[in-house]
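Novice: need the 3D shape of this:
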Amino acid sequence: MSLQTQILHSVLASKNQVLTVDYLAKKYKVPAEYIVALAERNKDFVVTNGVVMAKREKALTAAFAGAGVVLLFGIVVLLPGLIG
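Specialist: A predicted model of the protein is given here:
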């Protein structure tokens, strides 16, 4: 797995989807400047004031996808049971 992917997984797995550049640099044993360069090249990250954040569009897209699955389940499974 590439370092960029590992960083993405680490940031997404954190509670607020925010980790400091220093923490990531120590965790992956690379210079902080390298973390910043990788994060700036990735469209899924925002780098501000020494902090790497995951963009929120992914979370919003996942929420809409989850709502769509629940709605589809309701239409396909529950609605016929209520009608018939």
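Novice: C-alpha only now, for contacts and for neighbours.
Specialist: Will do.
Novice: which ones are touching the residue positioned nearest the centre of the chain?
Specialist: Taking CA atoms, centre = their mean as the criterion, Leu12 is the residue nearest the geometric centre of the chain, at 4.1 Å. By CA atoms under 8 Å, 6 or more residues apart in numbering, Leu12 lies in contact with 18, 54.
Novice: part of a helix, is it?
Specialist: Yes. Per DSSP: H, G, I helix; E, B strand; the rest coil, Leu12 lies within a helix segment.
Novice: Phe45 versus that one, what's the distance?
Specialist: Distance of Leu12 to Phe45, given as CA to CA, to the nearest Å: 10 Å.
Novice: neighbours around Val30, how many?
Specialist: When neighbours are defined as other CA atoms under 10 Å, Val30 has 13 of them.
Novice: go on, Leu24?
Specialist: Neighbour count for Leu24, taken as other CA under 10 Å: 21.
Novice: what is the least confident helix or strand in this protein?
Specialist: Least confident element among the helices and strands of the chain, by mean pLDDT, DSSP states H and E: helix 57-73 (a mean of 63).
Novice: C-terminal to that helix, what's the next element?
Specialist: Using DSSP states H and E, the next helix or strand after helix 57-73 towards the C-terminus is helix 79-83.
Novice: done for today, thanks.
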